[in-house]
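Chemist: one predicted model, sequence on top.
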Amino acid sequence: MALTQMYVNTDVLTSLSNSQNSDFYQSERDLIFDLIDNDLLTIHFQPIYNQADGYPFGFEALTRISDPSVNINTGELFDMARNTGLSHLLDGHARHIAYTKASEQGVQEHIFINVCPETLVKISSDYELIDLFGTELSLPRERIVLEVTEESAIKNYTLFGNAIKQLKKKGYKIAIDDFGAGYGGLKMLSIIEPDFVKIDRHFISDIDTTVVKYNLVDAIVMACHRLGIKVIAEGVERDEEMFAALNFGIEYFQGYLLAKPAMLAQRNFVPIPGGRDRCAIKAAEDKRIGDLTVYTNTLHPHDSLREAYDKFKSNQETRLIPVVRDGYIVGTLNRREFLELQVLGKCGYGVALNHRKTIEELMEKIVISIDSEATLEDAAKRIQARNKDVIYDDVCVTHRGKYYGTVPVSVLLSAMTEKTISLARNANPLTGLPGNDAIFREVTRKFSEGVHFDVCYIDIDNFKPFNDNYGFDKGDIAIKELGRIISDVLKLYSAQCSFIGHIGGDDFIVIADPGQSEGICFEINHHYKHILPELHGGGDYQLGYYFSKNRKGNLEKFPLLSLSIGIVSTASSNIDSYQKLSQAAAEVKKAAKMTHGFSVFKERRAFDLTDM
């Protein structure tokens, strides 16, 4: 039986044949039937690279016409299918080829498959076809990503949404393709709640020189990340586009710059320009347990002892296999306990006694799982709370409550070590406080979360003449003591304050919730004033001044050390970027220095603290 006879919707064809445009459409239908029945369509695989390690995260299966006499491209072919009501037919056949080729090549990465929204709305039985093509070829559903294009208009969002829910229940992942270039936009995003969003190449092209595109992509990525959606940049063709996109924290990249589509899935490493260098610190410091997670094959509660044994035998490194039903972890199998107790048994009769039992009867039903957004520190605490017999088992990770993958304990320990080293490397060597890179990331994170915050810029007045007169050792003490005082004050506001950074020299920065910053600054000034006798010595302190050379080399009388603090609030200022914030902070610090002695300046309000 020809594939066209297997899929074709006779009602649609009958309706079309009775229409006045039937002659026009007949040739297009004949072409589609001819390409399918004569096996004139093939698949090329284009890698989707993970910016974190430079290796393919998955492959998009792209349909290609292998008959050189056909003078249309694939996009035009699918337009014909939509016009003639044959989208479901062409969709199904293209998926079948993609799954077949991926299976033949032993692709273990994610497979991204295009599916038209019209297909999901019109043909409910298409779910069975998808299952047939996936499971028949031993491709796990969790590795199949169905790309729903945004270029098509959806007339019935209720049916479309129900179809997506059914696919998710079956375990498939969902991506929105060509995001921003079609009809659905944010409405489709809210209905699908996808795992991935692929930003259309139109927005990536020349993003480094087009302000509108840059800001639109920035907004899209921010929204997706706040919803827990991974982002893929399509159509990357230039290094400059890659650098610009990396600044947004986009996780995956696809385009001719990295690899062109090919008949064979290419798994080679590609050095993403700047990817590792730019993201090394972020990868170490901001990682969540989900970033370390790898998908591990699971068992179903109704599987047999033999199936579990084969999985352990095929991978000697596997210490634990999750048991999953409908996407949720319901139990686990520990390698040692399973092999020793269930397979071998106390007297060597384990297989004989248990071979008829299902995994549900053999599994450990108390599961300790960790959400993918948990920090590495939180994950480590959860692991330490486990029973000592299973403390070194792989960690089960969930995302939105459903099974996401596993993490070996050794990988978690390595990541925490990397984080510790990275923090030490990027800290200010004098105070040990986070430096400029960490400050930039913290401010950027705050902006991405859409929360208001205050930034306090703290500077020591007349530090250079103090350093010249009393020596570098005393200068270092003045800076280190300021760092200590700021840290101690922030402990009193631990529920509100989030960050302290050492910009360099005698400049510090504090990030606090609005409403807390003024109190924090008053406390810092108060405590720093109390160490002035130690810094200047009894004689100079009693005088209230000292002599030192000014910038022209002449002796000048200088007052005792004091602090100038400028406060910028995003709640009352039009500040939405790190650059604007830096400029505003410099301005308020300058304004604070216009008041002699200890002072705090918040925007247009000044507070004289000389008599504190």
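Modeler: All right, it came through fine.

Chemist: you'd agree Glu442 is up against Ile509?
Modeler: No: Glu442 lies out of contact with Ile509 (Cβ atoms under 8 Å); the separation is 9.2 Å. (Glycine included, C-beta is placed from N, CA and C.)

Chemist: now for these two: what residues contact both?
Modeler: Common neighbours of Glu442 and Ile509 (criterion: Cβ atoms under 8 Å, 6 or more residues apart in numbering): Phe499, Gly501.

Chemist: which parts of the stretch 201-350 of the chain are helices?
Modeler: Secondary structure of the stretch 201-350 of the chain by DSSP state H, counting those that start in this stretch: the helices cover 201-204, 211-226, 239-246, 275-285, 305-314, 335-337, 350-354.

Chemist: right, and those helices - which one's nearest Val367?
Modeler: The stretch from these with the least distance to Val367 (Cβ to Cβ) is helix 335-337; that distance is 14.4 Å.

Chemist: contacts for that closest one, please.
Modeler: In this structure, residues lying in contact with helix 335-337 by Cβ under 8 Å, 6+ apart are Phe312, Thr318, Arg319, Leu320, Ile321, Glu364, Asp389.

Chemist: please redo it, this time with the cut-off set to 7 Å
Modeler: Applying Cβ atoms under 7 Å, 6 or more residues apart in numbering, the contact partners of helix 335-337 are Phe312, Thr318, Arg319, Leu320.

Chemist: can you tell me which of these is nearest Glu76?
Modeler: Closest approach to Glu76 among the contacts of helix 335-337 (Cβ to Cβ): Thr318, at 47.2 Å.

Chemist: looking at it, that closest one is touching Phe312, isn't it?
Modeler: Yes: Thr318 is in contact with Phe312 according to Cβ atoms under 7 Å; the separation is 5.9 Å.

Chemist: low-confidence regions, the stretch 401-550 of the chain specifically.
Modeler: Along the stretch 401-550 of the chain, segments meeting pLDDT under 70 span 420-426, 494-497.

Chemist: what segments of it are strands?
Modeler: Counting by DSSP state E, counting those that start in this stretch, the stretch 401-550 of the chain has strands at residues 402-407, 454-460, 499-504, 507-512, 545-549.

Chemist: how far does the fourth one sit from its chain's centre?
Modeler: Centroid separation for strand 507-512 versus its chain: 27 Å, with Cα atoms, centre = their mean, to the nearest Å.

Chemist: go on, the third one?
Modeler: Averaging C-alpha coordinates over strand 499-504 and over its chain gives two centres that are 26 Å apart (Cα atoms, centre = their mean).

Chemist: same for that strand, what does it pack against?
Modeler: Other elements packing on strand 499-504 under the criterion 3 or more Cβ pairs under 7 Å, 6 or more residues apart in numbering; DSSP states H and E are helix 436-449, helix 472-492, strand 507-512.

Chemist: what pairs with that strand, parallel or antiparallel?
Modeler: Strand 499-504 sits in its sheet next to strand 507-512 (antiparallel), going by DSSP bridges.

Chemist: who's in contact with the strand it pairs with?
Modeler: Counting by Cβ under 7 Å, 6+ apart, 439, 442, 446, 453-459, 482-483, 486, 490, 493, 496-503, 520 sit against strand 507-512.

Chemist: OK, contacts around Phe179?
Modeler: With contact taken as Cβ under 7 Å, 6+ apart, Phe179 is in contact with Glu150, Val197, Lys198, Ile199, Asp200, Ile220.

Chemist: I misspoke; the intended subject was Gly171.
Modeler: Arg141, Glu142, Gly327.

Chemist: of those, just say which sits nearest to Pro56.
Modeler: Of all the contacts of Gly171, Glu142 has the smallest distance to Pro56: 16.9 Å, by Cβ to Cβ.

Chemist: pLDDT on stretch 222-229, on average?
Modeler: In this model, stretch 222-229 has an average pLDDT of 82.

Chemist: mind listing what's buried in it?
Modeler: Using 16 or more other Cβ atoms under 10 Å as the test for burial, stretch 222-229 gives Met222, Ala223, Cys224, His225, Ile229.

Chemist: skip the chain neighbours and tell me the closest residue to the first one.
Modeler: If the residues on either side of it in the chain are set aside, Met222 comes closest to Ser448, at 5.3 Å by Cβ to Cβ, 6 or more residues apart in numbering.

Chemist: how close does the one you found get to Ala223?
Modeler: Distance from Ser448 to Ala223, counting by Cβ to Cβ, to the nearest Å: 10 Å.

Chemist: one more: Ile531?
Modeler: Shown here: Ile531 relative to Ala223, a distance of 47 Å by Cβ to Cβ.

Chemist: Ala478 now?
Modeler: In this view, Ala478 and Ala223 are 45 Å apart by Cβ to Cβ.

Chemist: ok, Leu86 next?
Modeler: According to Cβ to Cβ, Leu86 stands 35 Å off from Ala223.

Chemist: what's the neighbour count on the closest residue to Leu339 other than its chain neighbours?
Modeler: Leaving aside its chain neighbours, Leu339 sits nearest to Phe312 (6.7 Å; criterion: Cβ to Cβ, 6+ apart). Neighbour count for Phe312, taken as other Cβ atoms under 10 Å: 17.

Chemist: do the same with the one 3 residues further on
Modeler: Neighbours of Asn315 under the rule other Cβ under 10 Å: 12.

Chemist: repeat for Asp326
Modeler: Look at Asp326: counted by other Cβ under 10 Å, it has 11 neighbours.

Chemist: with the one 10 residues further on instead?
Modeler: If you count neighbours by other Cβ under 10 Å, Arg336 ends up with 13.

Chemist: which non-adjacent residue is nearest Met80?
Modeler: Closest residue in space to Met80, ignoring its immediate chain neighbours: Glu28 at 4.3 Å, by Cβ to Cβ, 6+ apart.

Chemist: that neighbour: what secondary structure?
Modeler: Applying DSSP: H, G, I helix; E, B strand; the rest coil to Glu28 yields a three-state assignment of helix.
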